[in-house]
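S.K.: quick check, what structure comes out for this input:
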Amino acid sequence: MAIYLGIDGGGTKTTCVVADGNNVLGTATSAGSNITRHGDARVREALHAAVRDACAAAKVDPATVVSACVGLSGAGRPEVRDAVTRMMCEVLRGQIEVVTDLETTLEAAFGDGPGVITIAGTGSIAYGRDARGQTARAGGWGLAISDEGSGQWIGRAAVSAVLNANDAGVNPPLLQTILSLWNLNSLDELVRYANASPPPDFSSLVPAILSATENSAAENPRPSGVWTGHPRGSTPVPRLLHRRGILAGLEILTCRNRIMLKRILVALPLLLSSVLCAQTANPAAQPEPSQPLIILIGPPLSGKTTLVDSIKRTYNVPNISVEDLIKDHAAELEHLRAQGMSMAEMRYDPAMSRYLRERLKTVDLTHGLALDGYPATLVQAEDLSKMVPDLHLTPIAFQLLLPDDVIRERSRRTGRQSDSSQILEQRIKDYHREMDAISFYFPRANIVAVDANKPEPEVWKAIQAALEGAGIKPVAK
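M.R.: Numbers count the residues shown, from 1 in each chain. From the prediction side, this is the model:
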């Protein structure tokens, strides 16, 4: 049995996976492995620890690994690639290939096909490839001059923003949070610490910023201003890639054949905007919405439709399913879908958001609303997050958890075209890629994880408990 090893290394952490070609045998995580940021000694220690621990979890000897691929930020420089190769040769005997994390991410998302990715971790970069194999990048030049949307950039922007607020005579709560996290006692200490050389780990502030965003949004759902995070005069990343011909090569918007926007994975976490706006603005009080917007998120065959039907019957909440949207607009979707693409895959098309807006105009929301199969992509999630304020509903999302092997087993019993092996595998892949970041778009939502692998009555019981815990009561019959 051949043993393979893969590593994904960034500025904050290094993840190692050991597999036999069919199954993952073991995984492990260690410290960051960006040489530019951490230096050779610390990166060697992180890589060796990741390999050692992953192999131990897989119960295999590192010497038996026949091939390893290491994707690291900064590995595009020959000297970095050579140094990492030498480090890996100290613990592995098989074939070793060191590439950039751009290459491994693009391969994981699109195989050898065209696509655009954005990586936003400690640093950030966008990378694209068209149908002819031509590539282009934007960003990723380091925190001092680039890396917009990264953890470092968000943290540094937060520090800058609270200092600017202080200059304006405002004392935002986020300032005290930052002082506490960095064990500082005063504004002067913060200024000295933030300007130290080497600079502090600004990305360590991101969890607190996200928490402040959620808390501020709960207190002030309609901030008076929006901070986009784009420096004045800067060129957004998509426009840069378009100039290089990458987006044009993907034919995102052509007259007849439009490639699915699901093929573009762009998820820049520019979440700081509502923090200071909400903490410094004083808008008029808004009425607290009382009826639910119930969102069911789950992989194929996780039981979303059955659960939505039960919710409708038990709580008298109307529902909208993505299948109904597809049926109602089948003629238009026939013109939009690319050759070889099934109608079921059109659930990922951005047109679903437009269809939903139209349907909402005819739905009585007195008792709330339940959504089945929407959103199915981050683009749709962002669209929905923009609709929520006008709906005056309180979001509660159920994320149905179901192992991939169980999904495949269930598909063999349905006989539906949308559950055929080829289509199903793509749907599973799309779900995991798109839905992991769903909580970013609904920071105020109550997101409840539900084990959908349990018997149907137990799954429904968990749904009912969460709904009634949120104050949603069954309608008397």
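
S.K.: show me what the nearest residue to residue 150 once chain neighbours are set aside is bridged to.
M.R.: Using C-beta to C-beta, 6 or more residues apart in numbering and skipping the chain neighbours, the partner closest in space to residue 150 is residue 124 (3.8 Å). In short, each C-beta sits where N, CA and C put it, glycine included. When bridges are called by DSSP bridges, residue 124 pairs up with residue 120.

S.K.: please report the distance of residue 124 from residue 35.
M.R.: To residue 35, residue 124 is 18 Å away according to C-beta to C-beta, to the nearest Å.

S.K.: cool, and residue 83?
M.R.: Per C-beta to C-beta, residue 83 is found 6 Å from residue 35.

S.K.: residue 374 too?
M.R.: 43 Å.

S.K.: select the longest helix from the chain.
M.R.: In the chain, with assignment by DSSP state H, the single longest helix is helix 40-58.

S.K.: so for that one, mean pLDDT?
M.R.: Helix 40-58 carries an average pLDDT of 92.

S.K.: stretch 453-466 now?
M.R.: 92.

S.K.: quick one: distance of it to the chain centre.
M.R.: 26 Å (C-alpha atoms, centre = their mean, to the nearest Å).

S.K.: what's the answer for stretch 382-398, then?
M.R.: With C-alpha atoms, centre = their mean, you get 18 Å for stretch 382-398.

S.K.: can you give me the buried ones in that stretch?
M.R.: Going by neighbour count (16 or more other C-beta atoms under 10 Å), the buried part of stretch 382-398 is 382-385, 388, 391, 393-398.

S.K.: what mean pLDDT does it have?
M.R.: Here the average pLDDT along stretch 382-398 is 85.

S.K.: tell me how far the ends of it are from each other?
M.R.: Using C-alpha to C-alpha, to the nearest Å, the end-to-end distance of stretch 382-398 comes to 17 Å.

S.K.: per-domain residue ranges of the protein.
M.R.: 3-107, 113-286, 291-469 (automatic domain parsing).

S.K.: can you pull out the strands in the stretch 101-250 of the chain?
M.R.: 115-120, 124-129, 135-139 (DSSP state E, counting those that start in this stretch).

S.K.: so what's residue 3 up against?
M.R.: Counting by C-beta atoms under 8 Å, 6 or more residues apart in numbering, residue 3 makes contact with 18-20, 25, 58, 60, 64-66.

S.K.: quick revisit: deepest in the core, which of the strands of the stretch 101-250 of the chain is it.
M.R.: strand 124-129 (a mean of 25; mean count of other C-beta atoms under 10 Å).

S.K.: report the inter-axis angle for that one versus strand 135-139.
M.R.: Counting by axes from the mean of the first three to the mean of the last three C-alpha atoms, to 10 degrees, strand 124-129 lies at 170 degrees to strand 135-139.

S.K.: where does this structure have its least confident helix or strand?
M.R.: The helix or strand of the chain with the lowest confidence, counting by mean pLDDT, DSSP states H and E, is strand 264-265 at a mean of 27.

S.K.: ok so, going back, buried ones in whichever helix or strand comes after the longest helix of the chain, by neighbour count?
M.R.: Next along the chain after helix 40-58, taking DSSP states H and E as the criterion, comes strand 65-72. For strand 65-72, the neighbour count (16+ other C-beta under 10 Å) marks 65, 68-72 as buried.

S.K.: likewise stretch 336-350?
M.R.: By neighbour count on 16+ other C-beta under 10 Å, the buried set for stretch 336-350 is 336-337, 341, 344-350.

S.K.: can I get the CA coordinates of it in PDB?
M.R.: Listed next in PDB are the C-alpha coordinates belonging to stretch 336-350 (Å, rounded to 0.1, in the frame of the first residue of the first chain):
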ATOM      1  CA  LEU A 336     -27.800  30.000 -18.900                       C
ATOM      2  CA  ARG A 337     -26.500  26.500 -18.200                       C
ATOM      3  CA  ALA A 338     -23.200  25.400 -19.900                       C
ATOM      4  CA  GLN A 339     -23.000  22.300 -22.000                       C
ATOM      5  CA  GLY A 340     -22.800  19.200 -19.900                       C
ATOM      6  CA  MET A 341     -24.200  20.900 -16.800                       C
ATOM      7  CA  SER A 342     -27.300  19.400 -15.200                       C
ATOM      8  CA  MET A 343     -30.200  21.500 -14.200                       C
ATOM      9  CA  ALA A 344     -29.600  20.500 -10.500                       C
ATOM     10  CA  GLU A 345     -26.200  22.200 -10.700                       C
ATOM     11  CA  MET A 346     -27.900  25.500 -11.500                       C
ATOM     12  CA  ARG A 347     -28.700  25.900  -7.800                       C
ATOM     13  CA  TYR A 348     -25.200  27.400  -7.600                       C
ATOM     14  CA  ASP A 349     -26.000  30.100 -10.100                       C
ATOM     15  CA  PRO A 350     -26.200  33.700  -8.800                       C
END
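
S.K.: quick one: it to chain centroid distance?
M.R.: Averaged C-alpha coordinates place stretch 336-350 at 22 Å from its chain's average position (C-alpha atoms, centre = their mean).

S.K.: cool, stretch 463-477 as well?
M.R.: 30 Å.

S.K.: identify the residues contacting it?
M.R.: 290, 292, 294, 307, 310-311, 314-316, 367-368, 394, 396, 398, 446, 448, 450.

S.K.: quick check on the residues you listed: which are buried?
M.R.: Using 16+ other C-beta under 10 Å, the buried ones in the contacts of stretch 463-477 are 292, 294, 307, 310-311, 314-315, 368, 394, 396, 398, 448, 450.

S.K.: among these, which pair sits farthest apart?
M.R.: 310 and 394 (19.9 Å; C-beta to C-beta).

S.K.: for residue 196, give me its contacts.
M.R.: By C-beta under 8 Å, 6+ apart, no residues touch residue 196.

S.K.: where does it land on pLDDT?
M.R.: Turning to residue 196, the model gives it a pLDDT of 85.

S.K.: more crowded one of residue 83 and residue 35?
M.R.: The neighbour count for residue 83 versus residue 35, taken as other C-beta atoms under 10 Å, is higher for residue 35 (23 against 17).

S.K.: state the distance from that one to residue 43.
M.R.: For residue 35, the distance to residue 43 - C-beta to C-beta - is 5 Å.

S.K.: which neighbours do those two have in common?
M.R.: By C-beta under 8 Å, 6+ apart, residue 35 and residue 43 have these common neighbours: residue 84.
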